[in-house]
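J.: my questions are about this predicted structure, shown below with the sequence.
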Amino acid sequence: MREGSVALVGAGPGDPDLVTMKAARLMREADVVVFDRLVSDEILAMIPAGTARIYAGKAMAHHALVQDEINELLVSLARAGRRVLRLKGGDPFVFGRGSEEAEHLARHGIPFEVVPGISSASGCATYSGIPLTHRGLSQGVRFLAGHAREGYGIDYDWHRLADPDTTLVIYMGLTNLPRIADELMAAGLPSDTPAAAIENGTTARQRRAIGTVASLPVLVTEQEFKAPTLIVIGRVVSLAGALDWFGSEPASAETTTQAGE
């Protein structure tokens with residue numbers, strides 16, 4: 001029997017034109033594709049008709065498969081001689097649990113490879129006209145998870161994060177955005193620091209809200225933002241209007257607000 005293998009592949013943030021050439025080739029060659037919730041329909045359409053597909057999406061409080069089941073599924077499929085494509089939104093090693101799956105495959109002696117994808121942070125910010133770094137505005141970037149494992153709270157060193165010279169990119173932070181904003185301001189981040197929320201970034205459904213760290217929690221509630229939404233906090237957000245090459249649709253009426261307005 002042919003030896004099976006697993007390719008852990010980043011599908012990018014949603015725009016099918018951002019899929020790498022290697023990812024596209026592996027889609028054509030796979031026997032079965034195990035895909036996540038954040039892989040867009042346009043990217044799934046690139047998979048040849050007849051290729052087996054297994055949905056393994058995870059949303060808050062609702063998992064089609066829990067992580068341990070996904071790990072075992074990949075091993076089982078590979079041991080059956082299948083060429084498995086594990087397709088993940090963004091990059092598999094950036095909040096994608098790709099490294100956990102790779103560890104499990106390695107422990108069970110399953111051949112695997114990892115194909116990087118354009119991260120949601122890079123793709124969504126760029127399609128919103130927001131550079132993650134910019135001379136005079138940001139000297140570095142911090143990527144954060146905006147939610148914690150079940151039973152655990154968000155426990156960051158907020159004083160270290162409240163650095164006006166650093167861009168913060170928060171994945172999965174929509175639900176906890178009010179607390180995140182409060183913690184950052186309490187730790188000293190100015191309340192008028194520009195901030196953005198980007199929903200369905202890089203796709204035709206992209207919309208954004210531009211405000212401040214103080215006002216953004218209210219804006220995303222008023223404009224009914226849903227996951228997937230990426231949060232960007234930092235002075236680089238002030239460039240969003242001038243650099244909006246993609247023509248992002250405003251969320252309702254996009255507003256740039258100052259704290260207190």
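T.: Everything's here; your move. Residues are numbered from 1 along each chain as shown.
J.: in a helix, residue 105, correct?
T.: Yes - in this structure, residue 105 lies within a helix as judged by DSSP: H, G, I helix; E, B strand; the rest coil.
J.: just the helices in the stretch 51-200 of the chain please.
T.: Ranges of helices within the stretch 51-200 of the chain are 67-79, 98-107, 120-127, 158-161, 177-186, based on DSSP state H, counting those that start in this stretch.
J.: contact partners for the nearest residue to residue 173 once chain neighbours are set aside?
T.: Excluding its sequence neighbours, the residue lying closest to residue 173 (CB to CB, 6 or more residues apart in numbering) is residue 146, at 2.2 Å. Where you see a C-beta, it was placed from the backbone N, CA and C, and this is true even at glycine. With CB atoms under 8 Å, 6 or more residues apart in numbering as the criterion, the residues that contact residue 146 are 154, 170-177, 180, 231.
J.: low-confidence bits of this structure, can you list those?
T.: For the chain, the stretches with pLDDT under 70 are 1, 58-63, 149-153, 248-261.
J.: show me the contacts for the most centrally placed residue in it.
T.: By CA atoms, centre = their mean, the chain has its centre lying nearest to residue 120, at 4.1 Å. Going by CB under 8 Å, 6+ apart, residue 120 touches 13, 38, 89-91, 94, 171, 201, 228, 230.
J.: residue 134: what's it in contact with?
T.: Applying CB under 8 Å, 6+ apart to residue 134 gives the contacts 235-236, 239.
J.: just the buried residues of those residues.
T.: 235-236, 239 (16 or more other CB atoms under 10 Å).
J.: off-centre distance for stretch 73-93?
T.: Using CA atoms, centre = their mean, to the nearest Å, the mean C-alpha position of stretch 73-93 is found 19 Å from that of the whole chain.
J.: span of it from start to end?
T.: Stretch 73-93 has an end-to-end distance of 19 Å (CA to CA, to the nearest Å).
J.: sorry, back to before: looking at the contacts of residue 146, state which has the most neighbours.
T.: residue 231 (28 neighbours; other CB atoms under 10 Å).
J.: and stretch 82-92, end to end?
T.: Start-to-end, stretch 82-92 (CA to CA) is 20 Å.
J.: now swap in stretch 27-41 and tell me
T.: End-to-end span of stretch 27-41 (CA to CA): 14 Å.
J.: show me what contacts residue 94?
T.: If a contact means CB under 8 Å, 6+ apart, then residue 94 has 119-121, 143 as its contacts.
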